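Participant: Need coordinates for the following:
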Amino acid sequence: MEPPRIRVEILDLRDESLFRQVHALQIKAFGSFDASLLRNIMLDGRPESVLYGAYSPEDNSLIGVNGFVAHSVHQDGVTGLAYQSCISATNPDYKGKGAFSAVINHAKQALAAEGGAFIFGYPNSKSGPIFTGKLGFSLAQAGL
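Facilitator: Okay, the predicted model is just below:
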């Protein structure tokens, strides 16, 4: 029998109760997190930007989030969207249990299905090895 799976869905932060849940998760993960940053990045930017949440299979609580900020990209006369991975947080009680991977893998499929060109980010020392190892991303040189 397959173990229960982490559920991933889009989070609408215009719902104030959900916004408070996400902000509380950010605080639990980092100790502090400015709510205005969350609001500015995920609500005041491009409408194509999206925040995904991961829910525990045991009690259906929010255990992880990751935002994807939409950016226009232009190549060979074609304009499309690339998504910057950001606003990531995982409940410390669930670190290493697949919440982050579930969100990223879901987003890779969902954003590609919506026409997204690629996902990019600026991983830190903890998330970098997960992105390049477990999740199959590659490193690219940043710059102009």
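Participant: residues of stretch 35-50 that come out buried?
Facilitator: L38, I41, M42, E48, S49, V50 (16 or more other CB atoms under 10 Å). In short, each C-beta sits where N, CA and C put it, glycine included.
Participant: Determine which two of the residues you listed are furthest apart.
Facilitator: Pairwise distances among the buried residues of stretch 35-50 were taken by CB to CB; the largest, 17.5 Å, belongs to L38 and E48.
Participant: lowest-confidence helix or strand of the chain?
Facilitator: Within the chain, no helix or strand scores below helix 127-129, which has a mean of 70 by mean pLDDT, DSSP states H and E.
Participant: check contacts around F19.
Facilitator: L13, A35, L38, R39 (CB atoms under 8 Å, 6 or more residues apart in numbering).
Participant: Am I right that it sits in a helix?
Facilitator: Yes - secondary structure assignment places F19 in a helix (DSSP: H, G, I helix; E, B strand; the rest coil).
Participant: Give me the contacts around the least confident helix or strand of the chain.
Facilitator: Where contact means CB under 8 Å, 6+ apart, the residues beyond helix 127-129 that reach it are S88, F100, G121.
Participant: Help me confirm that R14 is found in a strand?
Facilitator: No - secondary structure of R14 (three-state DSSP): coil, not part of a strand.
Participant: Just give the nearest non-adjacent residue to it, would you?
Facilitator: Excluding its sequence neighbours, the residue lying closest to R14 (CB to CB, 6 or more residues apart in numbering) is L43, at 6.9 Å.
Participant: I'd guessed the one you found sits against D15; true?
Facilitator: No - judged on CB atoms under 8 Å, L43 makes no contact with D15 at a distance of 11.0 Å.
Participant: Strands of the protein, start to end?
Facilitator: In the chain, the segments counted as strands under DSSP state E are 7-10, 50-55, 62-75, 78-90, 116-120.
Participant: Please produce TSV containing the ones you listed, extended by distance to A107.
Facilitator: What follows is the strands of the chain, written out as TSV (distance: least, CB to CB, whole Å):
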stretch	distance to A107
strand 7-10	8
strand 50-55	6
strand 62-75	6
strand 78-90	7
strand 116-120	7
